[in-house]
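>>> A structural model of the following input is requested.
(chains A and B)
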Number of protein chains: 2
Amino acid sequence: MKRRDFIAGIGSGAALAACTPVEQQSTESTERFSWRMCTTWLPNFPGLGTGVNTLARYINELSAGRMQVQVYGAGELIPAFEVFDAVSQGSVEMGHGAAYYWRGKSEATQFFACIPFGMNAHEMNAWLYYGGGLELWREVYGRFNLYPFPAGNTGVQMGGWFNKPINSIADLRGLKMRIPGIGGEVLRRAGGTPVNLPLSEIFTALQTGSIDATEWVGPYNDLALGLNNAAQYYYYPGWQEPGPTLECMINLDAWNSLPEDLQAIVRIACQATNMDMISEFMARNANSLEQIRASGTDVRAFPNEVLAELKRLTFEVVEELAAEDPVVDKVWTSYRDFMQHARGWQLISEQAILNTTSL
Amino acid sequence: MKRRDFIAGIGSGAALAACTPVEQQSTESTERFSWRMCTTWLPNFPGLGTGVNTLARYINELSAGRMQVQVYGAGELIPAFEVFDAVSQGSVEMGHGAAYYWRGKSEATQFFACIPFGMNAHEMNAWLYYGGGLELWREVYGRFNLYPFPAGNTGVQMGGWFNKPINSIADLRGLKMRIPGIGGEVLRRAGGTPVNLPLSEIFTALQTGSIDATEWVGPYNDLALGLNNAAQYYYYPGWQEPGPTLECMINLDAWNSLPEDLQAIVRIACQATNMDMISEFMARNANSLEQIRASGTDVRAFPNEVLAELKRLTFEVVEELAAEDPVVDKVWTSYRDFMQHARGWQLISEQAILNTTSL
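Down below sits the predicted model:
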């Protein structure tokens, strides 16, 4: 994308006239920047929306107010699923979301959030910061005039809420479940019916039985939505989301217009937010899980037989995507090799330590 | 500690005359600060020393050079185990180390690094940032005129190198092992002989048989030390160090002299370094483990019987410490409660996901 398109992009949005014109920005570090960050999250949404507020606050604090970032929740300025295009076109300078929302742009994007049975948060961060993952992400997003940073992670999610027990893969046949992305495709291949529903409809759909199951996030967010009042069975683990990286994406021309110290501020604020958000999710999920258990929910593990089949189907889907698109193949090769190698270490470190809990 | 003592502290070190005098510091954000950070790590030591360099670089970048932090490795300005006192007294403004080194000051300090069979990195961060841990840490360190931040973590370490297999608790009797802290005391109660050795002597002591075993860090650091050439058996998990938090500690008067934006810069740089360092350890440990395996080392799990007994002895020691000191009791109560609760969530999230690896 050329600079003149970026300026045109700004001009074309009448509602966006307050956007800092790039042409007036210099590299002088005394200049002030007023940016807008549109997100895919509802305003102040627990953990996600509030995490974005933390990122904006960090940037403001670090720059002593020289760079102000105004956060807009989904729909406040830009609808959730138009954030990628809005930042790409320069209608706003920054966005916050999750890369798997943009698989319509390129199937390769989702590897920078998470794939089912893929890397957990710790592995994703190691891949992105020290395993070549971030360079690949920049290559993929660069085609869309975007510059991405890891800027949050929910940690492992839950497998979801079900109105009946799942004792075998046969119990997934005919199951109507709200589950997006590759996870949804895997459910379809297992004989279920994946559906997409807006957040506002999930609770009622589950409670009235118009869907049989839903995955959402984890105990903290699920309790906030009251899902423990809509279904009896809460399954783990969240095979479909083992630790999604959340993203801060920046219009590349806007990024290039920042002086070096403000670039450092944005980059390091994203990294600090990445630590902050996963720590918050951990603390709040632990609390909320206890409340969910206390409310009478039946918290259960998926049987290994079910997980094994879902895992087989997942890699069938992923290999098909890689066979169809050389960009996916390149990203998947890096992802798969890093994961194999990181997991070898995780099994004798994190898993072995967690295994001592029951001793 | 009073401000005049802090100034006196600076004056008393003739070699430290270049230290920025606090009295000349104002809250004007244009003022420049030149600080020194002494560490307990060898200069540029893989992962630890280099992580400290990252922290200093972040502060420099974020402040556009307004705050410069010069890093000194162990012994370059202050010996490793005098860093706490040097920062407390204001001889230098900042230090980087691990809180369990200071158990001679207060047994409570070590809970802010790690205890055997205690919290892993993810749990520690959740406790410190969102579970009241950091407030307790500030209370304990405040008595020493210090202001601490989490600023790194190695992740789970390894159990160590042994010149014979450990098949039962009886194999620990008479075992002479380099292992410090509570871990050492636990080994003693299991019938072994804990010894302390400086880094420079570990390899030779193990190779010549003057010790039978040593723990050090993990694959990345252990390979750098060549320990795979000194012993045959490499045991996991690192029960004695399940994820030590590393610390940045700041002289409280120096901290109070910083303008608000530089305080934010130090705080957020520490949080970003915390994310960066554990990601680096993860990537490098994974690589180094593969090299260690390829070199013919026998990588083994401690038998559950051994781990169960070491765990029992650990909590015997910890409960004794808590019974003797109300500060330890207060910190341990918070730590234990948070861990119990966080672990409940970890077992159905991280552990359950790692368990799918073998499906």
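>>> measure the nearest residue to A:Gly49 once chain neighbours are set aside to chain B for me?
Of all residues not flanking A:Gly49 in the chain, A:Trp41 sits nearest, at 4.3 Å (CB to CB, 6 or more residues apart in numbering or on different chains). The way it works is simple: take the backbone N, C-alpha and C, and place the C-beta from them, glycine included. To chain B, A:Trp41 is 19 Å away according to CB to the nearest CB, to the nearest Å.
>>> what about A:Trp41, how many neighbours?
Burial measure for A:Trp41: 24 neighbouring residues, criterion other CB atoms under 10 Å in any protein chain shown.
>>> what do you get for A:Phe149?
Neighbours around A:Phe149, by other CB under 10 Å: 27.
>>> Quick check: bridge partners of it?
A:Cys248 (DSSP bridges).
>>> how close does it get to B:Pro198?
From A:Phe149 across to B:Pro198, the span is 41 Å (CB to CB, to the nearest Å).
>>> circling back to that earlier point, got the contact list for the residue nearest to A:Gly49?
A:Leu48, A:Gly49, A:Val52, A:Gly73, A:Ala74, A:Ala80, A:His96, A:Gly97 (CB atoms under 8 Å, 6 or more residues apart in numbering or on different chains).
>>> what about it, which SS state?
coil (DSSP: H, G, I helix; E, B strand; the rest coil).
>>> So what does it look like in phi/psi?
Taking degrees, to the nearest 10, you get phi -110, psi 150 for the backbone angles of A:Trp41.
>>> Tell me the predicted confidence for it.
As predicted, A:Trp41 sits at a pLDDT of 95.
>>> how deep is the residue lying closest to A:Gly192 once chain neighbours are set aside tucked in, by neighbour count?
Nearest residue to A:Gly192 in three dimensions, chain neighbours excluded: A:Leu175, at 4.1 Å (CB to CB, 6+ apart). Neighbourhood size, A:Leu175 [other CB under 10 Å]: 20.
>>> could you pull out the strands for the stretch 101-250 of chain A?
Here the stretch 101-250 of chain A has its strands, by DSSP state E, counting those that start in this stretch, at A:146-153, A:160-162, A:176-178, A:193-195, A:213-214, A:233-236, A:245-251.
>>> so after the last one, what's the next helix or strand?
The element immediately downstream of strand A:245-251 (helix or strand, assigned by DSSP states H and E) is helix A:252-257.
>>> Which elements pack onto that following helix?
helix A:3-11, strand A:146-153 (3 or more CB pairs under 8 Å, 6 or more residues apart in numbering or on different chains; DSSP states H and E).
>>> longest helix anywhere in chain A?
helix A:260-294 (DSSP state H).
>>> any idea of the pLDDT on A:Met9?
If you look again at residue A:9, you'll see it is Gly, not Met. 36.
>>> Please enumerate the helices of the stretch 1-150 of chain A.
Secondary structure of the stretch 1-150 of chain A (DSSP state H, counting those that start in this stretch): helices located at A:3-11, A:49-62, A:83-89, A:121-130, A:133-142.
>>> most neighbours per residue, which of those?
Mean neighbours per residue, mean count of other CB atoms under 10 Å in any protein chain shown, is largest over the helices of the stretch 1-150 of chain A for helix A:121-130, with a mean of 26.
>>> quick one: it near chain B?
Yes: on the criterion CB under 8 Å from any CB of the partner chain, helix A:121-130 is in touch with chain B at A:Ala121, A:His122, A:Glu123, A:Asn125, A:Ala126, A:Trp127, A:Leu128, A:Tyr129, A:Tyr130.
>>> From A:Gly191, how far out is the residue nearest to A:Gly192?
A:Leu175 is 8 Å from A:Gly191, by CB to CB.
>>> A:Ala342 now?
For A:Ala342, the distance to A:Gly191 - CB to CB - is 33 Å.
>>> Settle it for me: which of the two has more neighbours?
Taking other CB under 10 Å, A:Ala342 and A:Gly191 do not tie; A:Ala342 has more neighbours (25 against 13).
>>> Tell me which helix or strand the more buried one sits in.
Assigned by DSSP H and E, A:Ala342 falls in helix A:326-348.
>>> Against chain B, how distant is A:Ala99?
In terms of CB to the nearest CB, A:Ala99 sits 18 Å off from chain B.
>>> next one: A:Gln346
Distance from A:Gln346 to chain B, by CB to the nearest CB: 6 Å.
>>> And the pLDDT at the closest residue to that residue other than its chain neighbours?
Nearest non-adjacent residue to A:Gln346, counting by CB to CB, 6+ apart: B:Leu354, 6.1 Å away. For B:Leu354, the model assigns a pLDDT of 98.
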